[in-house]
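Asks: Have a look; sequence and predicted model below, questions after that.
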Amino acid sequence: FNTAPAPWEVDDLVSHVVAKIVFSTGPQQPFDYLVPENLAPVAVAGRRMRVPFGRGDRLVQGYCVEVGAKQVLPNKLKSIHEVVDDVTLLSRTMLGLTRWMAEYYLCPWGQVLEAVVPAAVRGNAGTREVTLLTVPRETAMQLATLKLPPKQHAALTILAAAGKAFTPPELAQAAGCTLAPIMALRKKKLVHVEVRRVSFAHFDDTPAEAEPSKQLNEDQAAALKTILHAVDEERHQTVLLHGVTGSGKTEVYLQAIDRVVAAGKQAIVLVPEISLTPQTKQRFRARFSQIALLHSHMNDVERHWQWKRIASGHIPVVVGARSAIFAPTPRLGMIILDEEHDSSFKQDSSPRYHARDVAAWRAESENAPLILGSATPSLESWRQTQTGAITLVSMPRRVNNYPLPDVKTVDLRVDRKSIGRGAISRPLYQAMRRTIEEDGQMILLLNRRGYATHIQCPACGEKVVCPECEIALTHHLADNMAICHYCDYRQAAPKSCPSCGFTGIHFFGYGTQKLEAEVKARFPGVECLRMDSDTMKKPGSHEAALERFRCGDAKILVGTQMIAKGLDFPNVTLVGVINADTALHFPDVRAGERTFQLITQVAGRTGRGHKGGQVLVQTLSPDHPAIEAAARHDYTLFAGRELPFREKFLFSPFAKMVRLVARGETAAAPEAFLDEFAKQLQKVAIQLELELHLQGPAAAPIEKLRGQYRFHLLLKSLDGEKLRKAVQMVAVKTKSPDEVIWTIDVDPVDM
Ligand code: ADP
Ligand code: ZN
C-alpha cells in the first residue's frame, strides 16, 4: 500500500485533508484516507472511523491518529466512510503517549490504543441513541400560514413554542396524538432531526463525612514543601518520597493534591490494586468531595460513566490501579504513585508497560510533577536520585514519635527442634500467647496458599505434579483437591501413591490453610481469619474480613502477601513471618529486593499505635543481606549492597534489559527459535555498534506451563535505545515457525 507519488505524477498532486488510520488488528502501519467534505467537521484525531479496506473494500474500524492537509494523488486514496465516535477518545497528548508506548515497548500501536481506551468506553456502555426534534427558524416564522392537517399543525406549534427538543414519543404525548403525524412532519422536513447519544447511567456519590487536614509534623512539612515547589512552578519534576512505614505519606499526598485542586487542575493517584480498599477510598473521599475511584469490580456502565466524568474535567481526583494512568484528565496537575516499587504496576500481557514509566512520560509531556512514594523504593528510582534525575525527600520517622517495631530473626536451623511438626516456632508461639494475654492483635504472613505445598510418596519418592506444568501440586483442604497454582489444573488428592500404590503418601510443606489449622488448634477459642486469593474470590469478602479484624473480634490474621501492604491497625502489636526464605531462592535477580520489600512492608503493619509492636522473622538464612537489612529497617544499607552487584553483573537499573520468551509443544522448537534470534541479534549489534550482552537462551524458571515448553533469552546493554532498535530490526524480519509463540518484554520485572 504505497501512497508516495512517482516522479511523473508530481504535477497531479493536490492538497487534501487526509486522516491517518491505525487498526487494532491486522497490519501494523498506519494508512492514509481522504476526509470527504461532509465529514470534515467530525473527522478529528482521537476518534474511531470506519474505512474501506483491502480487496472488496470491506468496511473496518480503526483509530484516527492524525488529521491534516497533505499533498496527495486523490485517486490513489480511498475515503473515510463514517466517523464512529461523537466524542474524542484520545487527546493529542494521549495519542502521543500511545505512540511512544508502541515504540518503547515494541508492540503494535493499535494494540496500545485498545489498551488505553477502556472497552466500556469503546462499547458506549450505559448509553443509548435518542432522536431529538426541533423546529427550524424558517419553519417557525411561517407557522401561521402553513397548510397542514390539524394534528400535524398542533404538534408543530407545540414544538415551536417549547423552545427545547422533544423525542418523537414526547412530542406525541404533548400534542395528544399518535406517532403518525410526527412521522409526517419528519417526512416533510418541517422539523429538524438530530440523533444524539445520551447516558442513562447515574451513580450516587454520597459524600463521606468531611475530615480536616492534619497538622503536619516537621518531616511531612518539609516533604510537602518540596512537592509544592514543583506544583507551583508548573514544570515537570519527579520527587521520590522515601518514608518509612507509618511516616504519614498519605497525608502529604492529600495536602499536595489540595494545592493542585485549588489551582483548578486534576490529580491522578495510582495505588496497587490490593490497596484499593474502602479505607483508601474513605481517606480520599473525606477530603475531596469529587473523586473517581477506578477498580476492577466496576461494571462497564459505571466505568464508562466515570471515564466521561473525568474527561469532562469535573472530577479533580482520580484514584486507581495501574490502568488509571490512562485516565483522560484534560487538565493534569499531578501524578502520584504510592508504593511505587510494587510489581503490580507492570502489566504482564501485551502491551507490557510499567505504569511508573508511562506516568513519567505523561507527567513530562503535560508539565506536571510526578510523586513516587515508598518505604522500599525500587532500585530503578533510587538510582535516579543518585544521578540527580529525581529529587529525594525522606521521612525517616513514624508519626507521633512512634518507634519502628523491633525486628528479631528466629534462626530455624537452631530452633528446628522447637518447631516439632508445626510452622510456629517456640519464640513465635510465646510471643503470640503474650499478645493474646495483653489483648493485642497479630498478623502472620505466609506467602503460600493452600494446605500442603507438595505431595510425595515416602516409599518410592514419586512427587505428584501437574501433567501440564510439571510443577508440584498443592493440596487444598476444601474438597480435598490437588491443584496446580500455575494453570489451575485440579484432581482429587491421591489416597495412595499413583506410581507404586503405597498408601502412606505424604503431604509436606505449609500453606496458609495448614497454618490457619495449626493456629486454631493451638489457640482454641481465639478468632483467626485467613486472607489469600482463595478466601477472597467473592467481591466484598476482602472488606468484610478486614472489618472483622478492625473491630477487634478477630485477633489473628493469617495471609499471603495481600496482607503485607497498607493496612493501618493501631492494635496490631505482633507480626510473624513464617518463612522469610520463600521468595529468596527464586532464580531472579530481584529475589533479594522482593524479600527485603516484603519483610519491611509486613513489619510496617505493627507498632502503629501507642502500644508499640514487635516482629519475629523465621528464616534459615538470618545472615542473608536482604533479611538482615530488613530487620534493621535500613533501606540504604540494602541499596548500598545491592546496587554494586547490579552494576557489576549488568542488571537494571544500570543496564537496560529486554526479555524474549518463546513457547511451544516441544522443547526443541522454541529453543531453536531463540537460538536463531540470538544469532541475528549479534549480527545486527555489530552493524549498530551496540554492546550487547546475552544470557541464554535457557529454559525459563517455569519450564513448562499449560503443556507448553518455555525458553527465554535475556538481552542487556547500557544503551537501551540501540538495544530496542536491534530487537525491532530482528523482530520485523523474523518469521516464527507456526508452532512457536513468542513475546518481547522491555524492562522485564519477573524473570
Ligand atoms: P504511610 O503511608 O507512610 O505508611 P500513613 O499515611 O498510613 O503512613 O499514616 C499512618 C497513620 O498516621 C495514619 O493513621 C494517619 O492518619 C496518621 N497521621 C498521618 N499524619 C499525621 C500527623 N501529622 N499527625 C497525626 N497523625 C498522622
Ligand atoms: Zn499446571
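Replies: Perfect, I can see it now. Ligands and ions are numbered 1, 2, ... in the order given.

Asks: Let me see the contact set for residue 472.
Replies: 453-455, 463-466 (CB atoms under 8 Å, 6 or more residues apart in numbering). All C-beta spots, glycine's among them, are computed from the backbone N, C-alpha and C.

Asks: Rebuild these as JSON lines, extending it with neighbour count.
Replies: As requested, the contacts of residue 472 are exported to JSON lines (neighbours: other CB atoms under 10 Å):
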{"residue": "453", "neighbour count": "19"}
{"residue": "454", "neighbour count": "19"}
{"residue": "455", "neighbour count": "23"}
{"residue": "463", "neighbour count": "14"}
{"residue": "464", "neighbour count": "21"}
{"residue": "465", "neighbour count": "17"}
{"residue": "466", "neighbour count": "24"}
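
Asks: restrict these to contacts with ligand 2.
Replies: For ligand 2, the contacts drawn from the contacts of residue 472 by CB under 5 Å from the ion are residue 466.

Asks: I'd like the contacts of residue 472 laid out as JSON lines, including pLDDT and secondary structure.
Replies: Listed next are these as JSON lines, based on pLDDT from 0 to 100; DSSP: H, G, I helix; E, B strand; the rest coil:
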{"residue": "453", "pLDDT": "85", "secondary structure": "coil"}
{"residue": "454", "pLDDT": "83", "secondary structure": "strand"}
{"residue": "455", "pLDDT": "89", "secondary structure": "strand"}
{"residue": "463", "pLDDT": "87", "secondary structure": "strand"}
{"residue": "464", "pLDDT": "88", "secondary structure": "coil"}
{"residue": "465", "pLDDT": "86", "secondary structure": "strand"}
{"residue": "466", "pLDDT": "85", "secondary structure": "coil"}
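
Asks: Out of the contacts of residue 472, which comes closest to ligand 2?
Replies: Of all the contacts of residue 472, ligand 2 sits closest to residue 466, with 3.3 Å by CB to the ion.

Asks: can you pull the contacts of that closest one?
Replies: 472-473, 484, 486-487, 489.

Asks: Check the gap between the closest residue to residue 568 other than its chain neighbours and residue 245 for me.
Replies: Leaving out its chain neighbours, the residue that sits closest to residue 568 by CB to CB, 6 or more residues apart in numbering is residue 608, at 6.0 Å. Distance check for residue 608 against residue 245: by CB to CB, to the nearest Å, it reads 8 Å.

Asks: Residues that sit against both of those two, list them.
Replies: With CB under 8 Å, 6+ apart as the test, residue 608 and residue 245 both reach residue 398.

Asks: what about residue 695, how many neighbours?
Replies: Residues near residue 695, counting by other CB atoms under 10 Å, number 16.

Asks: In three-state terms, how would it be classified?
Replies: Classification of residue 695 using DSSP: H, G, I helix; E, B strand; the rest coil returns strand.

Asks: ok, the nearest residue to it once chain neighbours are set aside - contacts?
Replies: Leaving aside its chain neighbours, residue 695 sits nearest to residue 714 (4.1 Å; criterion: CB to CB, 6+ apart). For residue 714, the contacting residues are 657-659, 694-696, 748, 751, by CB under 8 Å, 6+ apart.

Asks: Nearest to ligand 2, out of those residues: which one, please.
Replies: Distance to ligand 2, by CB to the ion, is smallest for residue 751 among these, at 19.5 Å.

Asks: neighbours around the nearest residue to that closest one once chain neighbours are set aside, how many?
Replies: Excluding its sequence neighbours, the residue lying closest to residue 751 (CB to CB, 6+ apart) is residue 588, at 4.3 Å. By other CB under 10 Å, 15 other residues sit near residue 588.

Asks: give the contact list for residue 588.
Replies: Residue 588 makes contacts with 594, 701, 750-751, as judged by CB under 8 Å, 6+ apart.

Asks: Then residue 81?
Replies: Per CB under 8 Å, 6+ apart, neighbours of residue 81: 49-52, 59.

Asks: Now do it against ligand 2, distance only.
Replies: 47 Å (CB to the ion, to the nearest Å).

Asks: Please name the bridge partners of the residue nearest to that residue when sequence neighbours are not counted.
Replies: Leaving out its chain neighbours, the residue that sits closest to residue 81 by CB to CB, 6+ apart is residue 50, at 4.8 Å. Judged by DSSP bridges, the bridge partners of residue 50 are residue 61, residue 82.

Asks: Which residue in the contacts of residue 714 has the weakest pLDDT?
Replies: Lowest pLDDT of those: residue 751, 75.

Asks: Please read off the pLDDT at the most far-flung residue of the chain relative to its centre from the model.
Replies: Within the chain, residue 145 marks the point farthest from the mean C-alpha position, 64.3 Å out by CA atoms, centre = their mean. Note for residue 145: predicted pLDDT of 85.

Asks: do you know how far it is from residue 611?
Replies: Distance of residue 145 to residue 611, given as CB to CB: 88 Å.

Asks: Low-confidence ranges, this structure, go.
Replies: Within the chain, the stretches with pLDDT under 70 are 1-5, 7-8, 204-208, 415-421.

Asks: need the residues of it near ligand 2, please.
Replies: Going by CB under 5 Å from the ion, the residues of the chain near ligand 2 are 466, 468-469, 484, 486-487, 489.

Asks: could you dump these to TSV with distance to residue 570 and secondary structure?
Replies: TSV is the format used below for the residues of the chain next to ligand 2 (distance: CB to CB, whole Å; DSSP: H, G, I helix; E, B strand; the rest coil):
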residue	distance to residue 570	secondary structure
466	43	coil
468	46	coil
469	43	coil
484	40	coil
486	38	coil
487	41	coil
489	43	coil
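
Asks: closest to residue 513 among the residues you listed?
Replies: Checking the residues of the chain next to ligand 2 against residue 513 with CB to CB, the nearest one is residue 484 at 16.2 Å.

Asks: Count the neighbours of that closest one for me.
Replies: 21.

Asks: for it, phi and psi?
Replies: phi -90, psi 120 (degrees, to the nearest 10).

Asks: all strands for the stretch 1-150 of the chain, in order.
Replies: 14-22, 31-34, 48-53, 58-72, 82-83, 127-134 (DSSP state E, counting those that start in this stretch).

Asks: CA atoms of the helix or strand harbouring residue 663 as CSV?
Replies: Of the helices and strands defined by DSSP states H and E, residue 663 is found in strand 656-664. Extracted in CSV, the C-alpha atoms of strand 656-664 (Å, rounded to 0.1, in the frame of the first residue of the first chain):
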residue,chain,number,x,y,z
LYS,A,656,18.6,-1.9,30.1
MET,A,657,17.1,-5.3,29.7
VAL,A,658,14.8,-6.9,27.2
ARG,A,659,13.5,-10.5,27.7
LEU,A,660,12.2,-12.8,25.0
VAL,A,661,10.1,-15.8,25.9
ALA,A,662,9.2,-18.5,23.4
ARG,A,663,7.0,-21.4,23.9
GLY,A,664,5.8,-24.4,22.0
